[in-house]
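Peer 1: give me coordinates for this.
(4 chains)
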Protein chains: 2
Amino acid sequence: MKLITRDTDYSIRALGYIARNKNRIISITELVKELDTPRPFLRKILQLLTTSGVLKSYKGKNGGFELAIKPEKIRLLDLMEIFQGKFVLSECLFKKKICPDQVSCKLRAQLCSLEELVENKIKDITVASLLNLDN
Amino acid sequence: MKLITRDTDYSIRALGYIARNKNRIISITELVKELDTPRPFLRKILQLLTTSGVLKSYKGKNGGFELAIKPEKIRLLDLMEIFQGKFVLSECLFKKKICPDQVSCKLRAQLCSLEELVENKIKDITVASLLNLDN
DNA sequence: ACAAATGATACTATTAATGTATCATTATAG
DNA sequence: CTATAATGATACATTAATAGTATCATTTGT
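Peer 2: Model prediction:
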């Protein structure tokens, strides 16, 4: 199983690069060279980051992207939510027959507590923290 | 994202039921009634549990399954490995260009430590513990 | 006007998850 | 001894998520 999918992964790398080059506008062309990712895929990803308010975009020649918010405010958890949907480990897979069952309920309880643990653990990971810009 | 897939889920419920009814041989027919799962799918799952040494099977009329090992010895983590493969959160998605990069490596380090955390947290979950047969 | 960029959006391909189907083998009850 | 009810082995099918492509429109600087 994977915790983060490829788009989340690409996005955090792209954001890292953009953050390290602030005061400049970064184009897809430059990012593709840097990250060696499929160009149309990366375009789609950055577009989504833009409509999500993480990036600000500039059209036209010499256009590109810059951060819309500070790197300390861009959390991995938020990126995961953008690309992968809400972080939920234990969904109720059960049918009625089994649902009130001891086994399933105890299992679910354990998975829920695990989920909380993971969420707490990763909620401090930000673009900034990955770049050693803080902590 | 899901931590456990449906086959792992079904298998732990089935094992729970079988554990609660020890000294009896349990057939697929009975399990399907109890768990309300697709019959051929459950058959495939139990077959895999048998070849993995978790269940012992009896062919022929009145045949079925019983536990091959004690419920305390059947760990969720093992079932996950049987059905979902080795538990690895952070696979190296990177290409060479980005791999020595600060961002990716720190990210990977964090995911690895998270992985360890989760593994530690769930390694004590067994069929027995979910049934309150111990602890 | 041209070139180089993003916006919007629909399409395609691949992989993993989920589930079905079929035929063979075995064992027991009657 | 045969019918039946079970598992063994295995191949196939379906669905959903992931990953990626393609195209046309719009914007903007030179």
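Peer 1: contacts and neighbour counts: CA atoms only from here.
Peer 2: OK.
Peer 1: let's verify residue A:109: helix, strand, or coil?
Peer 2: helix (DSSP: H, G, I helix; E, B strand; the rest coil).
Peer 1: ok, now how distant is it from residue A:13?
Peer 2: 35 Å (CA to CA, to the nearest Å).
Peer 1: show me how far the worst-scoring helix or strand of chain A on mean pLDDT is from its chain's centre.
Peer 2: Using mean pLDDT, DSSP states H and E, the weakest-scoring helix or strand in chain A turns out to be helix A:102-122, at a mean of 79. Distance of helix A:102-122 from its chain centroid, counting by CA atoms, centre = their mean, to the nearest Å, is 22 Å.
Peer 1: and it, what does it pack against?
Peer 2: Using 3 or more CA pairs under 8 Å, 6 or more residues apart in numbering or on different chains; DSSP states H and E, the elements in contact with helix A:102-122 are helix A:76-84, helix B:6-20, helix B:102-122, helix B:127-130.
Peer 1: same thing but at 6 Å, please
Peer 2: Here helix A:102-122 touches no other helix or strand, going by 3 or more CA pairs under 6 Å, 6 or more residues apart in numbering or on different chains; DSSP states H and E.
Peer 1: could I have that helix exported to CSV, CA atoms only?
Peer 2: In CSV, the C-alpha atoms belonging to helix A:102-122 read as follows (Å, rounded to 0.1, in the frame of the first residue of the first chain):
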residue,chain,number,x,y,z
GLN,A,102,-17.4,-7.9,18.3
VAL,A,103,-14.6,-8.6,15.9
SER,A,104,-15.4,-6.0,13.3
CYS,A,105,-16.2,-3.3,15.8
LYS,A,106,-13.0,-3.8,17.8
LEU,A,107,-11.1,-3.9,14.5
ARG,A,108,-12.6,-0.7,13.4
ALA,A,109,-11.9,1.0,16.8
GLN,A,110,-8.2,0.0,16.4
LEU,A,111,-8.0,1.3,12.9
CYS,A,112,-9.6,4.6,13.9
SER,A,113,-7.1,5.1,16.7
LEU,A,114,-4.4,4.3,14.2
GLU,A,115,-5.7,6.8,11.8
GLU,A,116,-5.6,9.5,14.4
LEU,A,117,-2.0,8.6,15.2
VAL,A,118,-0.9,8.8,11.6
GLU,A,119,-2.7,12.1,11.1
ASN,A,120,-1.1,13.6,14.2
LYS,A,121,2.3,12.4,13.0
ILE,A,122,2.1,13.9,9.6
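Peer 1: residue of chain A with the smallest distance to DNA strand D?
Peer 2: residue A:60 (3.0 Å; CA to the nearest atom of the strand).
Peer 1: tell me the secondary structure for that residue?
Peer 2: coil.
Peer 1: and the gap between it and chain B?
Peer 2: In this structure, residue A:60 and chain B are 28 Å apart, going by CA to the nearest CA, to the nearest Å.
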